[in-house]
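Chemist: could you look at this predicted model? Sequence included:
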Amino acid sequence: MQILEVLLYSHDGRRRSIEFRPGVLNIITGESRSGKSALIEIIRYCLGSTELRVPAGVISDSVAWFGLRLQLSDGEAFAGRPVPPPGQATTTAAMLRVESRVAAPNAAELAANTNTDALVSVLGGAIGIGENQASLPGTASRSPVEATLAHALFFCFQRQDEIANRDLLFHRQAEQFVGVHIRDVLPYFLGAVHADYVVLQARLRTAREALRAAEARLEHLSGVRATQQDESIVLLREAQQVGLIDSRSLDGQSTDTLRRWLQEALDSTAGPAELALAAGQAFLELKNQQTDIAARYRDLHHTRQLIERILSEQSEYRDELAVQTERMSAVDLLPDGHDGRTCPVCESELNQGVPLVSELRLDLATLRESLDSVARDEPRLRRQLARVEEAQSELRGRLDETNDAMDALARHTEEVERLGDSLNQQSYVRGRIDHYLQTLEAADDAALAEAQAVVETSLSTVRGLEEQVSYETVRENVTSILNVVGEDMRTWAQRLDLEYAGSSVRIDTGRLTVVADTSAGTVPLTRMGSASNWVGYHLVAYLALHKFFVENNRPVPRFLVFDQPTQAFYPPDLPDAAAASLPDADRQAVEQLFSFLNDVASEMTPGLQVIVMDHAKLDRAWFTHAIVEEWRGGTKLVPGDW
């Protein structure tokens with residue numbers, strides 16, 4: 001990512017464009033208070049900063065939108081941001097276009113189509129920032145940060161108040177938490193963190209879970225083997241208590257013997273289940289028998305009642321017949337030949353006829369016949385009644401026997417139920433023994449060796465992943481990389497004739513500064529000579545970092561923006577006329593500084609774009625060629641008629 005154009009849009013639709021050349025040194029030279037220092041804040045704002053930090057006054061009052069046209073590795077982009085509404089310092093509104101070629105839009109085309117989070121994500125992805133996570137020491141209490149484009153910009157800017165600051169090295173380092181974030185994300189941007197760090201972290205969590213499971217299994221199997229004798233004895237004693245095996249001495253027996261006895265207890269059988277089944281079947285048969293006897297008894301009872309009723313009725317009928325027969329027996333004394341009109345006794349004439357004697361004798365004969373019939377039937381009925389009573393007596397006996405059998409079976413069933421309880425206890429103990437024998441089988445020598453091998457393999461996997469993602473490994477990688485970066489820093493420090501250039505110089509990530517390693521110990525930037533040294537080491541540190549970023553294709557924008565690097569020689573408010581009278585040594589130092597920037601940019605072209613805002617204007621062809629704009633004589637960042 002390099003800058004092609006910075007754009008300002010007025011409230012009435014006019015557009016101001018500052019164009020830059022990619023891959024080379026770009027210089028904006030001009031007077032103080034012309035707006036040079038605001039460029040860094042405008043670029044940061046267009047790249048996703050929610051807060052607009054340009055100085056209050058002309059710029060914020062005159063501009064409605066800021067825009068940035070960017071060159072990407074496979075196209076171009078326009079990132080635009082509206083100025084926050086009056087009374088607000090922030091806004092998340094943004095406009096983003098990413099195409100193969102993007103022209104600067106007119107004011108009428110400006111419209112927010114996204115927000116700052118999406119803008120940062122898209123542009124970060126465009127420069128290769130993928131999913132990542134900072135590697136932190138095990139004692140860290142903060143959550144790991146994910147590096148984004150906003151973090152990459154820490155290594156792309158040096159404001160006027162930063163580039164000559166002996167206490168700070170990185171952009172915005174003095175702000176709250178920024179220093180911590182710089183330490184956290186620098187390893188990612190250097191490539192000291194494995195490219196698949198997030199994936200490796202997930203694999204490490206999975207591997208650790210697998211290791212814990214393997215260790216738990218090994219511990220379980222080892223525990224089974226270690227407690228085999230005691231556990232076997234406990235189970236065998238329970239088996240004895242519920243009758244699975246007989247009483248025998250358990251102490252002092254070998255584990256093989258105890259295991260054989262456990263198998264014996266497991267294989268033992270008991271009868272309560274069969275007894276319960278037989279008792280149930282017998283009880284059912286007796287119940288059916290009881291029901292059948294009772295039904296037959298009821299039938300006999302009904303028959304007996306019928307016979308007794310018939311006998312009772314016949315007795316009454318017989319008595320009536322006897323009375324009637326006795327009353328009519330006198331008919332036998334009457335003479336024969338009676339005609340019915342005379343009295344059979346006195347033979348006098350009757351006014352009304354009476355039955356003939358012959359008829360009376362016929363009725364009497366009928367009564368006597370009926371009486372004889374009743375007399376003949378009664379013995380037969382009484383014999384039938386006796387047979388019914390005998391059958392009833394027999395059935396009562398059989399019913400009593402059935403009831404007694406059912407009562408006895410019920411008492412037996414209670415015993416069976418008690419035996420069933422014993423069976424349940426035996427089943428429970430047998431279940432425990434079966435499970436334990438399976439556990440012993442699973443804990444044999446082969447299983448134990450296999451579990452040990454799984455633990456060792458899992459442990460090796462975890463250690464390998466920990467080695468790749470460990471903070472110590474990352475720190476060692478950072479140290480190694482910064483030693484390489486330090487070689488370029490030392491070479492360039494010698495070219496700029498900086499103090500301690502003959503020593504090993506490097507970036508100290510702990511203190512976020514430059515240090516020189518000398519025979520007397522480390523010398524931090526705060527203890528190095530003058531402002532020219534502070535500026536010089538800021539320049540060589542940033543340029544050396546970006547040389548590493550470019551050569552190793554790290555996901556950091558390929559531009560550096562320096563504001564007033566010559567301030568050690570040109571005070572910020574120095575008039576141009578006074579600048580012309582600088583001592584020769586200072587003029588030579590300024591020329592040396594710009595020549596160095598030009599040479600490094602040329603060496604790294606097209607990989608690095610260097611943008612410098614400064615007062616200086618050197619009479620050198622290469623310097624003049626590098627000037628993209630000169631803000632003097634009324635020319636400024638914001639046109640005066642806005």
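Modeler: It's in.
Chemist: grab the nearest non-local neighbour of residue 492.
Modeler: Spatial nearest neighbour of residue 492, chain neighbours left out: residue 540 (4.2 Å); criterion: C-beta to C-beta, 6 or more residues apart in numbering. The way it works is simple: take the backbone N, C-alpha and C, and place the C-beta from them, glycine included.
Chemist: please read the previous query as pertaining to residue 240.
Modeler: Using C-beta to C-beta, 6+ apart and skipping residues adjacent in sequence, the residue nearest residue 240 is residue 247, 5.8 Å away.
Chemist: what about the one you found, which SS state?
Modeler: Following DSSP: H, G, I helix; E, B strand; the rest coil, the label given to residue 247 is coil.
Chemist: I figured it hits residue 237, correct?
Modeler: No - counting by C-beta atoms under 8 Å, residue 247 stays clear of residue 237, with 9.9 Å between them.
Chemist: contacting residues for the residue nearest to residue 492?
Modeler: Neighbouring residues of residue 540 by C-beta atoms under 8 Å, 6 or more residues apart in numbering: 488-489, 492-493, 496, 498, 505.
Chemist: could you dump these into JSON lines and include secondary structure?
Modeler: Formatted as JSON lines, these follow (three-state DSSP):
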{"residue": "488", "secondary structure": "helix"}
{"residue": "489", "secondary structure": "helix"}
{"residue": "492", "secondary structure": "helix"}
{"residue": "493", "secondary structure": "helix"}
{"residue": "496", "secondary structure": "coil"}
{"residue": "498", "secondary structure": "coil"}
{"residue": "505", "secondary structure": "strand"}
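Chemist: just to revisit the earlier point, more crowded one of residue 247 and residue 237?
Modeler: The residue with more neighbours, out of residue 247 and residue 237, is residue 237; 13 against 8, by other C-beta atoms under 10 Å.
Chemist: ok, for the more buried one, nearest residue in space, not its chain neighbours?
Modeler: Among residues not flanking residue 237 along the chain, residue 250 sits closest, at 6.8 Å (C-beta to C-beta, 6+ apart).
Chemist: for the one you found, grab phi and psi.
Modeler: Dihedral pair for residue 250: phi -100, psi -30, per degrees, to the nearest 10.
Chemist: over to residue 253: give its phi and psi.
Modeler: Backbone torsions of residue 253, given as degrees, to the nearest 10, read phi -80, psi 150.
Chemist: equivalent analysis for residue 508, please.
Modeler: Main-chain torsions, residue 508, degrees, to the nearest 10: phi -90, psi 110.
Chemist: how many neighbours does it have?
Modeler: Around residue 508 there are 15 other residues, counting by other C-beta under 10 Å.
Chemist: give me the distance between it and residue 482.
Modeler: According to C-beta to C-beta, to the nearest Å, residue 508 stands 9 Å off from residue 482.
Chemist: same check, this time on residue 214
Modeler: In this view, residue 214 and residue 482 are 39 Å apart by C-beta to C-beta.
Chemist: show me where this protein has its strands.
Modeler: Listed in chain order, the strands of the chain (DSSP state E) span 2-10, 15-19, 25-30, 63-72, 75-82, 93-99, 114-115, 157-158, 504-508, 513-518, 521-524, 559-563, 609-614, 627-631.
Chemist: list the strands paired with the fourth one, with their directions.
Modeler: Just to be clear, that refers to strand 63-72. According to DSSP bridges, strand 63-72 forms sheet pairs with strand 2-10 (antiparallel), strand 75-82 (antiparallel).
Chemist: now for residue 606: which residues touch it?
Modeler: Here residue 606 is in contact with 22-24 (C-beta under 8 Å, 6+ apart).
Chemist: and residue 76, what are its bridge partners?
Modeler: Legend: beta-bridge partners of residue 76 under DSSP bridges are residue 71, residue 99.
Chemist: check residue 93 too.
Modeler: Beta-bridge partners of residue 93, counted by DSSP bridges, are residue 115.
Chemist: surely it touches residue 112?
Modeler: Yes - taking C-beta under 8 Å as the definition, residue 93 is a contact partner of residue 112 at 3.9 Å.
Chemist: okay, and the common contacts of the two?
Modeler: Taking C-beta under 8 Å, 6+ apart as the criterion, residue 93 and residue 112 both touch residue 82.
Chemist: for residue 547, which non-adjacent residue is closest in space?
Modeler: Spatial nearest neighbour of residue 547, excluding adjacent residues (C-beta to C-beta, 6+ apart): residue 488 at 5.8 Å.
Chemist: please read the previous query as pertaining to residue 65.
Modeler: Using C-beta to C-beta, 6+ apart, the closest residue to residue 65 is residue 9 (4.0 Å).
Chemist: the one you found: neighbouring residues, count only.
Modeler: Look at residue 9: counted by other C-beta under 10 Å, it has 23 neighbours.
Chemist: was I right about it contacting residue 17?
Modeler: No - checked against C-beta under 8 Å, the pair residue 9 and residue 17 is beyond contact range at 10.1 Å.
Chemist: and the residue nearest to residue 616 when sequence neighbours are not counted, what does it touch?
Modeler: Nearest residue to residue 616 in three dimensions, chain neighbours excluded: residue 566, at 5.0 Å (C-beta to C-beta, 6+ apart). When contacts are counted by C-beta under 8 Å, 6+ apart, residue 566 touches 535, 590, 593-594, 614-616.
Chemist: mind checking how far residue 566 is from residue 389?
Modeler: Going from residue 566 to residue 389 by C-beta to C-beta gives 144 Å.
Chemist: can you check residue 129 too?
Modeler: Distance, residue 129 to residue 389, using C-beta to C-beta: 113 Å.
Chemist: more neighbours, the two?
Modeler: residue 129 (22 against 14).
Chemist: if we can go back for a sec, okay, residue 214 and residue 482: which has more neighbours?
Modeler: More neighbours surround residue 482 than the other of residue 214 and residue 482, with 22 against 19 (other C-beta under 10 Å).
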